[in-house]
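Visitor: sequence and predicted structure are below.
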Amino acid sequence: MRYVCLIYSDEAAESAMPPEQQKALFDQYMALEGELAGSGIKKAGEALQPTSTATTVRIRDGKTLTTDGPFAETKEQLGGFYMFECKDLDEAIKWAAKIPSAKGGSVEVRPVMEFDM
């Protein structure tokens, strides 16, 4: 089964980190990437640009409305994701716990809906 791990963290706190802390976090992600490459479970994954680059789209009364920024004001922002192919939720949680941002932020694990077409 495929699971998406949505990675949330505090953008302001991460951007305020001294460069050596930012590099340490990046290095942790690169170490995880190496481990994932050896496991074969990673199907996709990307880091996202900051929320200041986001545009939210809504359709109201047949009109397209756009708003700069994310949908909701929150303490943590969606910063990236991984998609894993795991045998079950327990395995997905095991891998999600290895994502470096889980230490200071959170990782939401959600099964991907499969459609028979």
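Guide: Great, that's in hand. Computed from a prediction, not measured in an experiment: that's the story for all the values here.

Visitor: counting contacts, what elements does the helix or strand containing E14 pack onto?
Guide: E14 is part of helix 11-16 when elements are defined by DSSP states H and E. Judged by 3 or more C-beta pairs under 8 Å, 6 or more residues apart in numbering; DSSP states H and E, helix 11-16 is in contact with strand 77-85. C-beta: built from backbone N, CA, C; applies to glycine.

Visitor: residues contacting whichever helix or strand comes after the strand it packs on, please?
Guide: Next helix or strand after strand 77-85 toward the C-terminus (DSSP H and E): helix 89-96. Outside helix 89-96, the residues that touch it by C-beta atoms under 8 Å, 6 or more residues apart in numbering are Y3, C5, L36, S39, I41, Y82, F84, C86, A102, V107, V109, P111.

Visitor: how about the strands in the chain?
Guide: 2-9, 42-47, 55-60, 63-68, 77-85, 106-111 (DSSP state E).

Visitor: name every strand pairing with the last one and say which way it goes.
Guide: Pairing partners of strand 106-111, with direction, according to DSSP bridges: strand 2-9 (antiparallel).

Visitor: from the chain's centroid, how far away is the partner strand?
Guide: Computed by C-alpha atoms, centre = their mean, to the nearest Å, the separation of strand 2-9 from the middle of its chain amounts to 4 Å.
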